[in-house]
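1. Predicted model and sequence follow; I will ask about them next.
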Amino acid sequence: MAAFVLLHTIPVLYEKYEDKVDPLAEKAMHEIKKQYAVFDAKVLSKIPRGPLKDKKKD
């Protein structure tokens, strides 16, 4: 029930407040990209990667 209400409410609210939501979403995406870069540098880049195996083609 809640999902039904959200699926029908969110698009209407977005259309009504699009000019306010878009700049906030852009700032959020910029911040997420910065945080991912830090996470990548500190964690993901240190995970050893083994050689890739060739998949057999039939």
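-> Arrived safely, thanks for sending. This structure is a prediction, so every number in the text was calculated from the model and none was measured.
2. and the next element down the chain from the strand or helix carrying Leu6?
-> Using DSSP states H and E, Leu6 falls within helix 2-16. Sequence-wise, the next helix or strand downstream of helix 2-16 (DSSP H and E) is helix 18-42.
3. Quick check: mean pLDDT of that next one?
-> The predicted model gives helix 18-42 an average pLDDT of 96.
4. Need the residues that contact that helix.
-> Outside helix 18-42, the residues that touch it by C-beta atoms under 8 Å, 6 or more residues apart in numbering are Tyr14. From N, CA and C alone the C-beta is placed, and that goes for glycine too.
5. ok and it relative to helix 2-16, angle-wise?
-> Following axes from the mean of the first three to the mean of the last three C-alpha atoms, to 10 degrees, one obtains 110 degrees for the angle between helix 18-42 and helix 2-16.
6. Please compute how far helix 18-42 lies from its chain's middle.
-> 9 Å (C-alpha atoms, centre = their mean, to the nearest Å).
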